[in-house]
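1. build me a structure from this.
(one chain, ligands or ions: 3)
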Amino acid sequence: MSENALRRVALIALACGSLPTFAQCTPRWLNGVGIPWIGGGVVDALTTWDPDGAGPEPTHLVVGGDFGVVEGSEVFGQIAAWNPVTGTWRGFNGQITGHVHSIVAMPNGDLVAGGRFWDAGGVPVSNVARWDGATWNPLGTGIGEGAELVYALAVLPNGDLVAGGNFYLPLADGTEARFIARWDGTEWHSIDSQMNSWVTSLLVTSNGTLVAGGNFDAAGGHSADRIALWSEDEWTSLGSGPNGIVYSITEMENGSLVAAGAFSEAGGVATPNIAVWDGTSWTSLGSGTNRRVDSVISVSGGHLIAGGHFQTANGSAAHYIARWDGSAWLPFGSGISGVGTVAGVFALVEMPNGDVFAGGSIPSAQGIAFKGLARWGEPLACLSNYNCDGLIDIIDFLDFLDDFSVCEQAISPCGSLGNADVNSDGIVDILDFLDFLDSYSLGC
Ligand SMILES: [Ca+2]
Ligand SMILES: [Ca+2]
Ligand SMILES: [Ca+2]
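-> Ligands and ions are numbered 1, 2, ... in the order given. The predicted structure is shown next:
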């Protein structure tokens, strides 16, 4: 870098308190997750997981569903973990044979996967399996067989695991756990006298309360429309609940619960596919969505993110994913592209840096091919990331050259693909060219 250019960058860095960045690099869909998918694939479960706790490894993204991945000479399927620092994928002793619907990280760092499968890395299991850091383990005789499956997993404050799904699980005492069961590390138990239909979502709230959602209208012998709360050793309804299946539950910063799924009302109030329970009554979030919501999460800033099969939120375009900012629904750019194809967002997770991953059947977003897993976040803060995505590559170089050739000596901003005034000094000139080249050759 020339002395002049260095001085300019240093001045800007001083002025900004950080390295110079693109003013136009707002959060967006990011290329560069680098998933080496085999063929297509569908993602149904996402979670964060720190493989070594307080050790040096970063928090990973864990992805479950029905897909295959190849990394180097390793081939694995249905579950994989992504290291956001190295950008590489790892498997878990080969494949889980079947379909993973839910993954939960245990307090001791183990991972538990649930779904419909019978083999995990060569270990015979039945729809649920625990990864201990080296190998998969069965949980007793597992849960169900044939058409039965596990849709949801959650961890209680005492470390016990709760599984929900579509199953009748025979217990040691001769009774059955129906649609929901608790694993204490040694054996399975029922939770009260259980539900009368599938459980598709579970949440343990910040105060340790278990909440279950699904297709049931009774829990523990009490009437409970599709959502119920486990409190003082019995199931309690949340008023008269949603009139259709609850697929996902989350908790807002203020402690209110959010139920999302396929319904038109809750507690007699119109709440299309998403509703808030404040402890007393149900309310809507704007006018909700036009089709079902499969996943809802609470993220930093007190916002909610919903994903599913919808094309509009509050009547405005929001293709399969939208953000509730506390008062309004906002789209994620142009959303997921899938018009004319099967598309949907089935799982969501926020990473520690604020990036949001959406999993599902996701062909592309904003022209970026994703094949099941898409990333939304802040672009790399870097001069040479000209198109503001997650990568510095030849596309940035070509885009900058295109704009620079048109914009030289023009006043900032100028460019159809970015702003060729990369050093933000108000004019496009040779210094921008040199600064871009310096940054590009250094990798950032
Ligand atoms: Ca760590
Ligand atoms: Ca780029
Ligand atoms: Ca400039």
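
2. was I right to think residue 233 contacts residue 192?
-> Yes: at 7.3 Å, residue 233 and residue 192 qualify as touching, with contact defined as CB atoms under 8 Å. (Glycine included, C-beta is placed from N, CA and C.)

3. pick out whichever of those two has more residues nearby.
-> Using other CB atoms under 10 Å as the criterion, residue 233 and residue 192 rank with residue 192 on top: 15 against 8.

4. host element of that one?
-> Using DSSP states H and E, residue 192 sits within no helix or strand.

5. over to it: give its phi and psi.
-> Per-residue torsions, residue 192: phi 60, psi -150 (degrees, to the nearest 10).

6. gap between it and residue 180?
-> Here the criterion is CB to CB, to the nearest Å. By it, residue 192 lies 9 Å from residue 180.

7. give me the neighbour count for the spatially closest residue to residue 199 that is not a sequence neighbour.
-> With sequence-adjacent residues excluded and distances taken as CB to CB, 6 or more residues apart in numbering, residue 199 is closest to residue 164, at 3.0 Å. Using other CB under 10 Å, residue 164 is surrounded by 27 other residues.

8. I'd guessed residue 164 sits against residue 197; true?
-> No: the pair residue 164 / residue 197 is not scored as a contact, 11.0 Å apart, by CB under 8 Å.

9. kindly state the beta-bridge partners for the residue nearest to residue 199.
-> Bridge pairing for residue 164 (DSSP bridges) gives the partners residue 152, residue 180.

10. likewise the one 4 residues further on?
-> Residues in a beta bridge with residue 168, per DSSP bridges, are residue 178.

11. same check, this time on residue 344
-> Here residue 344 sits in beta bridges with residue 361, going by DSSP bridges.

12. ok, it touching residue 308?
-> Yes: if you go by CB under 8 Å, residue 344 and residue 308 touch, sitting 6.2 Å apart.

13. out of those two, which sits in the busier spot?
-> With neighbours defined as other CB under 10 Å, residue 344 and residue 308 compare such that residue 308 has more, 28 against 22.

14. what sits against that one?
-> Counting by CB atoms under 8 Å, 6 or more residues apart in numbering, residue 308 touches 247, 260, 273, 289, 291-295, 320, 344-346.

15. what touches both of residue 164 and residue 197?
-> By CB under 8 Å, 6+ apart, residue 164 and residue 197 have these common neighbours: 179, 214.

16. may I have stretch 239-253 exported as PDB, CA atoms only?
-> Taking C-alpha atoms only, stretch 239-253 is exported to PDB below (Å, rounded to 0.1, in the frame of the first residue of the first chain):
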ATOM      1  CA  GLY A 239     -56.800 -20.100  27.900                       C
ATOM      2  CA  SER A 240     -58.600 -21.500  24.900                       C
ATOM      3  CA  GLY A 241     -55.600 -21.900  22.700                       C
ATOM      4  CA  PRO A 242     -55.000 -21.900  18.900                       C
ATOM      5  CA  ASN A 243     -57.500 -23.600  16.600                       C
ATOM      6  CA  GLY A 244     -54.900 -25.400  14.600                       C
ATOM      7  CA  ILE A 245     -51.500 -27.200  15.000                       C
ATOM      8  CA  VAL A 246     -48.700 -25.400  16.900                       C
ATOM      9  CA  TYR A 247     -45.400 -26.100  15.200                       C
ATOM     10  CA  SER A 248     -43.100 -23.800  17.200                       C
ATOM     11  CA  ILE A 249     -43.000 -21.900  20.500                       C
ATOM     12  CA  THR A 250     -40.600 -19.300  21.700                       C
ATOM     13  CA  GLU A 251     -40.400 -16.800  24.600                       C
ATOM     14  CA  MET A 252     -40.200 -13.000  24.200                       C
ATOM     15  CA  GLU A 253     -37.900 -10.800  26.300                       C
END
